[in-house]
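Q: The amino acid sequence is not available; the structure is as follows:
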């Protein structure tokens, strides 16, 4: 099973506004290097760019394996995708047309053992609303169809609940920005008219990543 098949129409937004498409080559497999970890290969694509992508090897530690119900997509996909998004947030991922394989540690640093809960950073209501607007803009522009606003993977990434995301989406609907029905939404013309803003967010996020990695390359 690959994310290409199961999520071919799904875009994952970073906190900086990058629309990402994530392809994961399931399943995890035991490392062949003799190290005590499991590996999942994948590719992160930046939508609307000319082939900018990152090749990743998600390295799952024994500690994380022990707390996971299973390594199947139903249990592992959300925290894996959110780990990748958080690495993008931290500017640890470089997108290139000819990408080199980048190891990503899928470790317990994002896991709260007291609450038995994945934690990727608490988003404010303002940040969640901006996240939803960006998500609806990009899905409407690229897919032209409704998308779930009650996505559990997004809720985990934002450290909120799907119910709260639905409540905030309702506020956006009352502002005339989106149309919501049965947990799915699509952008209205009022939101699509902010295209320049969302496109600039993407360009600025990519420029910041490039500056950071150019500096590191010297």
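A: Ah, there it is. Note that this is a predicted model, so its numbers are computed, not measured.
Q: Which residues are in contact with residue 94?
A: Neighbour list for residue 94: 54, 102, 209, 213 [criterion: C-beta atoms under 8 Å, 6 or more residues apart in numbering]. Every residue, glycine included, has its C-beta placed from N, CA and C.
Q: now, which of those sits nearest residue 16?
A: Relative to residue 16, the closest of the contacts of residue 94 is residue 209; by C-beta to C-beta it sits at 8.6 Å.
Q: I'd like to know how far the closest one sits from residue 78.
A: Separation of residue 209 from residue 78 (C-beta to C-beta, to the nearest Å) stands at 24 Å.
Q: show me where the protein has helices.
A: Secondary structure of the chain (DSSP state H): helices located at 3-6, 62-67, 73-89, 125-142, 152-158, 162-174, 189-192, 195-217.
Q: Can you lay out those as a markdown table showing mean pLDDT, mean neighbour count and distance to residue 116?
A: Output for the helices of the chain, formatted as a markdown table (pLDDT from 0 to 100; neighbours: other C-beta atoms under 10 Å; distance: least, C-beta to C-beta, whole Å):
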| stretch | mean pLDDT | mean neighbour count | distance to residue 116 |
| --- | --- | --- | --- |
| helix 3-6 | 38 | 14 | 26 |
| helix 62-67 | 91 | 14 | 8 |
| helix 73-89 | 98 | 20 | 13 |
| helix 125-142 | 98 | 20 | 23 |
| helix 152-158 | 98 | 20 | 13 |
| helix 162-174 | 98 | 16 | 19 |
| helix 189-192 | 99 | 14 | 37 |
| helix 195-217 | 92 | 14 | 32 |
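Q: need the ones you listed in a markdown table with distance to residue 25, can you?
A: As requested, these are exported to a markdown table (distance: least, C-beta to C-beta, whole Å):
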| stretch | distance to residue 25 |
| --- | --- |
| helix 3-6 | 8 |
| helix 62-67 | 18 |
| helix 73-89 | 11 |
| helix 125-142 | 23 |
| helix 152-158 | 18 |
| helix 162-174 | 28 |
| helix 189-192 | 34 |
| helix 195-217 | 24 |
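Q: and residue 182, which of these is closest to it?
A: Nearest to residue 182 among the helices of the chain is helix 162-174 (10.5 Å), distances taken as C-beta to C-beta.
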